[in-house]
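Novice: have a look at this prediction, sequence included:
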Amino acid sequence: MSHPAPAPTHLDLSKLGEPVYRGSVQNLFAVPDHPGFVVCETTPAGSVFDVGSIFNIEGNDLNRAIFRHAMYSRLGKPETWQRVKKAIESTPMDESWRKELLSGPLEAMLEHGAATHHIGMVDAKTGEIVRDGMPANPSCYNVVRRFPVMHPPQRTLLSTHVFDYAQFHQSATYVVPLEYIVRFGVTSGSSILKKYQSLADSAKRAYEQELGLSKPMGVWEMLERPIYDLTSKYEPEDRAVSKQEALLMSGLSSEDFLSTIKMAILGGWAVRELLETAGLLLWDLKWEFAVDREELLFVDTIDADSFRGTSFIEVEGKKLVIHFNKQAMRDYYRLVHPEWFAGINDAKQHAQKIGVPFKQVLREGQAAGKWPATPAVDAEFLALQARKTALIREHVLSQRDAAAIRADLQATGQAEVDFYRGKGLLAELLKMNAVG
């Protein structure tokens, strides 16, 4: 068995050159003299509704890089999995389900920690790549192992087409072409709720049984046990796939495929356990995995934009959901700039009809005055979002007492409520995010 090349220990950031990939929220760079590795630079930019980078949250580049480094470091430590094991053992659930979750990958992770693609964070001044703990000078640059990404070719089948996943069965090292979505609860916009609400009563009962629910599904309610969905990752559009199809697409043995499912749920529990100590509820998150011969590794990004963390605040006798993720920005545009949001949806429908990329249609339509120009975000609202991610960063670094951070997170949520009250939009906010 060949071993991966040794990881770099230092990196001169001034010699990185141009990114090999420039994304809406992160840039990727090749590592000089180390082709098996990649540098990820987070940016303060934010993207919603597929429009691209349309706002900046101050400090979010560093906050997201720190969360990623800290969380991946935690996944690599056996003590994280000891806490996860304890949490699973103390959570009421079906015994056979619990037994299965506690067997396999968790047993190995309790001994050695989980394998991940994460190497470390670059110290902004010295260039040292720090694996354990935080650099003295944290930066927006994390170094990860590079894995081959393979796109399934499209094959014609009579008058339709299929995607060919044969190459995944012939390769030993690659990113598994699936996205694993783990859900601990049901949010108002979740696809499982939409599916559930569209079913007839008898089909609803069957779906409840399939999900292990002992009562009808309720919005903003935690599930009795986490569930998972699988989608395609490298097709032109993300597509929900069955467990059976996912196994065939993955190129993995059935045993390894089952291990990735368990790892996704266990990894979700590790994030959940961290957030709960700051008073935040984890509803769902997504994972990706890579395989390197016999080894399965956690890969991809993990930060406040890739999971849904919330808290509740009492407002006018109702429980209001406060979002500590990108959903807060989506709601802001819907409530404060409804005419712009309507234009976005109109442009999407038009783009689909004429078969032209959405961003191009939107840009041309905005220039012609057909749809409103993208509005600037209120500085006060952006400052609140920056405060949220800064507090989550403080918590993940254990810089202050968790109870004090919990109180500050609640105060920030209250300030967001006051922002909407000042705009005369509190009733609309309650209509959108209040429970009960």
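Specialist: Received it, and whenever you're ready, just let me know what you need.
Novice: state which helix of the chain is the longest.
Specialist: Selection of the longest helix in the chain by residue count, based on DSSP state H, yields helix 254-276.
Novice: okay, buried residues for that one please.
Specialist: Residues of helix 254-276 classed as buried by neighbour count (16 or more other CB atoms under 10 Å): 256-275. The way it works is simple: take the backbone N, C-alpha and C, and place the C-beta from them, glycine included.
Novice: other SSEs contacting the next helix or strand after it?
Specialist: Next helix or strand after helix 254-276 toward the C-terminus (DSSP states H and E): strand 281-292. Under the contact criterion of 3 or more CB pairs under 8 Å, 6 or more residues apart in numbering; DSSP states H and E, strand 281-292 touches strand 173-175, strand 178-186, helix 254-276, strand 295-299, strand 307-315.
Novice: test my guess that residue 334 contacts residue 344.
Specialist: No. The criterion here is CB atoms under 8 Å, and residue 334 misses it with residue 344 at 10.0 Å.
Novice: how about stretch 148-163: buried residues?
Specialist: Going by neighbour count (16+ other CB under 10 Å), the buried part of stretch 148-163 is 152, 163.
Novice: what pairs with the helix or strand hosting residue 142, and is each one parallel or antiparallel?
Specialist: Residue 142 belongs to strand 141-145 when assigned by DSSP H and E. Using DSSP bridges, the strands paired with strand 141-145 are strand 37-42 (antiparallel), strand 118-122 (antiparallel).
Novice: relative to strand 295-299, how tilted is the shortest one?
Specialist: Strand 118-122 runs at 40 degrees relative to strand 295-299, counting by axes from the mean of the first three to the mean of the last three CA atoms, to 10 degrees.
Novice: how close does the closest residue to residue 135 other than its chain neighbours sit to residue 65?
Specialist: In space, residue 135 comes closest to residue 123 once its chain neighbours are excluded; the distance is 3.8 Å by CB to CB, 6 or more residues apart in numbering. Per CB to CB, to the nearest Å, residue 123 is found 12 Å from residue 65.
Novice: give me the common contacts of those two.
Specialist: In terms of CB atoms under 8 Å, 6 or more residues apart in numbering, residue 123 and residue 65 are both contacted by the residues 138-139.
Novice: more neighbours: the two, which one.
Specialist: Comparing residue 123 with residue 65 by other CB atoms under 10 Å, the one with more neighbours is residue 65, at 24 against 20.
Novice: test my guess that the more buried one contacts residue 139.
Specialist: Yes. Counting by CB under 8 Å, residue 139 is a contact partner of residue 65 at 6.8 Å.
Novice: overlap of the contact sets of these two?
Specialist: Jointly contacting residue 65 and residue 139 under the rule CB under 8 Å, 6+ apart are residue 121.
Novice: any idea which residue sits dead centre in this structure?
Specialist: Centroid check for the chain by CA atoms, centre = their mean gives residue 306 as the closest residue, at 1.6 Å.
Novice: OK, contacts around that residue?
Specialist: Counting by CB under 8 Å, 6+ apart, residue 306 makes contact with 285-286, 300.
Novice: tell me the pLDDT of it.
Specialist: pLDDT recorded at residue 306 is 82.
Novice: same check, this time on residue 194
Specialist: At residue 194, pLDDT is 89.
Novice: what secondary structure does the closest residue in space to residue 167 that isn't next to it in sequence sit in?
Specialist: Closest residue to residue 167 apart from its sequence neighbours, by CB to CB, 6+ apart: residue 150 at 5.6 Å. Using DSSP: H, G, I helix; E, B strand; the rest coil, the structure places residue 150 in coil.
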